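Chemist: need coordinates for the below:
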Amino acid sequence: MFLGRSLNLDGSLLIALLALSGLGLVVIFSASGESWDVMARQGIRLAIAWAVLLAAAQIAPGTLRRFSPHLFAIGVAMLVAVLMFGTVAKGAQRWLDLGVIRFQPSELMKLAVPMMIAWLLTRNRLPPSFTVILLALSLTLIPSGLVVVQPDLGTGIMLAVSGLFVVFLAGIRWRHIFMMLAVVAAVAPYLWSQLNEYQRQRILTLFDPWADPMGTGYQTIQAQIAIGSAGVWGKGWLQGSQSHLEFIPERSTDFIFAVFAEEFGLIGVIMLLVLYLFIVGRCLVMAYHTRETYSRLMIGGLALTFFFYLFVNLGMVSGILPIVGVPLPLISYGGTSMLTLMAAFGLVMGLHARRRLMT
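Modeler: Numbers count the residues shown, from 1 in each chain. The predicted structure follows:
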């Protein structure tokens, strides 16, 4: 306990994250067809992510606040560079090849956007004026738009939502909320026209996946079969028929929740959701007990963004939201998303540990 406090770590949040990331390794082993190699690679990524969390927790609030505009500017410049000479993979141009590694700048912006919006809002009187809100929204939409055209609709939505949550927590007035909703409704037809054809098809498939069961509706249908066949207790670890017979696509990444639900059933899903909600709730409590405005907005914004991340993945796997390619937080196979999330939780712990500081 003393070691945790000296490293600016929160014990209960730390235990919950350890449980969630450990569970992720268990599920990935099954989803990958019992591949020790895949689980080992994910374990290495997880170890690096925990090191990132520890390092992020040591950053002082004042340092984080001062560098927020610089990090945001660097991130936007990288997104522009991606569009100019980024690496193309799987039909999308999302990566910068730095020689040693391939880097996805949109992951950096998941931290830079809420940091920038919190920095902007704390430099002005709260609740923010309509002018400040418009500026905050503009700063949010710039990186979001650059990501959407890569194309990466899921991450673009995440960036936009992360900025909006920070604005909301700053105490936005209801009339401003209604004005923003009116603007969104007005530009919705234009936004629809700018989507790629496959993106529009994903949205339309939401209403009737059986209209194209072997095409755009295949992923949703197979995931629903896996979830629906699990029952109360599930089929057992490593016993999922839909996943092990490879009916579920992207079963180690975006659709890993279907694998988990099939094997652990309703009871397992409830326990997983309780763990997720504990993490979100603990972060919101930490935000409530933090005095400094920038830190409070950052912690609250990151907590709500994490919850939205979870909601979107569960929604698209269960068929109540369009498929937008969002992984299940800290469970899905992959490295960049995990690093970003663990860095975010490190910042949350570090900011809360210094919650009585005003600088």
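
Chemist: what packs against the helix or strand in which residue 69 is found?
Modeler: Per DSSP states H and E, residue 69 falls inside helix 61-85. For helix 61-85, the elements it packs on are strand 92-97, helix 105-122, helix 130-148, helix 293-318, helix 336-353, judged by 3 or more Cβ pairs under 8 Å, 6 or more residues apart in numbering; DSSP states H and E. Glycine gets a C-beta too; all of them are placed from N, C-alpha and C.

Chemist: average pLDDT across it?
Modeler: On average, the pLDDT along helix 61-85 is 90.

Chemist: residue ranges with poor pLDDT in the chain?
Modeler: 1-5, 88-92, 98-101, 194, 206, 208, 210-211, 356-359 (pLDDT under 70).

Chemist: ok, the residue nearest the centre of it - contacts?
Modeler: Centroid-nearest residue in the chain: residue 309, 4.1 Å away (criterion: Cα atoms, centre = their mean). Taking Cβ atoms under 8 Å, 6 or more residues apart in numbering, we find residue 309 in contact with 158, 326, 329, 341.

Chemist: mind putting the helices and strands packed on helix 61-85 into JSON lines with distance to residue 21?
Modeler: As requested, those are exported to JSON lines (distance: least, Cβ to Cβ, whole Å):
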{"stretch": "strand 92-97", "distance to residue 21": "24"}
{"stretch": "helix 105-122", "distance to residue 21": "17"}
{"stretch": "helix 130-148", "distance to residue 21": "26"}
{"stretch": "helix 293-318", "distance to residue 21": "14"}
{"stretch": "helix 336-353", "distance to residue 21": "8"}
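
Chemist: figure out which of these is closest to residue 269.
Modeler: Residue 269 sits nearest to helix 293-318 of all the helices and strands packed on helix 61-85, at 9.1 Å, using Cβ to Cβ.

Chemist: re earlier: buried ones in the helix holding residue 69?
Modeler: 61, 64, 65, 68, 71, 72, 75, 76, 78, 79, 82 (16 or more other Cβ atoms under 10 Å).

Chemist: can you pick out the most distant pair from the residues you listed?
Modeler: 61 and 82, at 30.3 Å, using Cβ to Cβ across the buried residues of helix 61-85.

Chemist: now do the end-to-end distance for stretch 319-326.
Modeler: This stretch, stretch 319-326, spans 14 Å end to end (Cα to Cα, to the nearest Å).

Chemist: and stretch 207-223, by the same measure?
Modeler: Counting by Cα to Cα, you get 16 Å between the two ends of stretch 207-223.

Chemist: for it, buried residues please.
Modeler: For stretch 207-223, using 16+ other Cβ under 10 Å, the buried residues are 209, 216, 217, 218, 219, 220, 221, 222, 223.

Chemist: noted, bye for now.
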